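Novice: predicted model, plus sequence, below.
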Amino acid sequence: MLRIKKGDTVQTIKGRDRGKKGKVIAIFSQGKRALVEGINLVRKHKRRTQTDQKGGIVSIEAPIAISNLMVVCKSCNHPVRIGFKILKDGEKSRFCKSCKEAI
Ligand SMILES: [Zn+2]
């Protein structure tokens, strides 16, 4: 079970973008890296194509290590530690260790 999932709001706790919040767009490398909206932007040179005559330089997100991210709890509105619990039907569920609300 992954600590961070696609669609979560996360905050970076390390690196150049420390303290920034964003939404997880995708998870890679079996949950080791994530692509987060507006975080870890890199400049890429875009080639001019038939449909895009402009080309030039664009900023895109680069994957960031999951260990540099913390999930922001919707109830606390704070980056929090995540706990896991097993529900009656055997499913695992994530919860905020601070307010105990499900995430
Ligand atoms: Zn919470």
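Specialist: Cool, got the structure.

Novice: how many neighbours does the residue nearest to residue 25 when sequence neighbours are not counted have?
Specialist: Once flanking residues are discounted, residue 25 sits nearest to residue 35: 4.5 Å by CB to CB, 6 or more residues apart in numbering. (Each C-beta comes from the backbone N, C-alpha and C, glycine too.) Using other CB atoms under 10 Å, residue 35 has 19 neighbouring residues.

Novice: pLDDT weak spots in the protein?
Specialist: 1 (pLDDT under 70).

Novice: which residues touch the residue positioned nearest the centre of it?
Specialist: Most central in the chain under CA atoms, centre = their mean is residue 24, positioned 3.4 Å from the mean C-alpha point. Listed by CB atoms under 8 Å, 6 or more residues apart in numbering, the contact partners of residue 24 are 4, 5, 6, 7, 8, 9, 10, 34, 35, 36, 37.

Novice: backbone dihedrals for the residue nearest to residue 25, please?
Specialist: phi -100, psi 120 (degrees, to the nearest 10).

Novice: how far away is it from the ion?
Specialist: 24 Å (CB to the ion, to the nearest Å).

Novice: over to residue 100?
Specialist: Distance, residue 100 to the ion, using CB to the ion: 7 Å.

Novice: what number of residues lie near that residue?
Specialist: For residue 100, using other CB under 10 Å, the count is 10.

Novice: in three-state terms, label it for me.
Specialist: Following DSSP: H, G, I helix; E, B strand; the rest coil, residue 100 is assigned to coil.

Novice: bridging residues for the residue nearest to residue 25?
Specialist: Note on residue 35: beta-bridge partners by DSSP bridges are residue 26.

Novice: got the contact list for it?
Specialist: Residue 35 touches 24, 25, 26, 27, 28, 61, 62, 63, 64, counting by CB under 8 Å, 6+ apart.

Novice: go again with 10 Å.
Specialist: Going by CB atoms under 10 Å, 6 or more residues apart in numbering, residue 35 touches 6, 22-28, 60-64.

Novice: that older thread, how about the residue nearest to the centre of the chain, nearest residue that isn't a chain neighbour?
Specialist: Going by CB to CB, 6+ apart, residue 24 has residue 8 as its nearest residue, at 4.8 Å.
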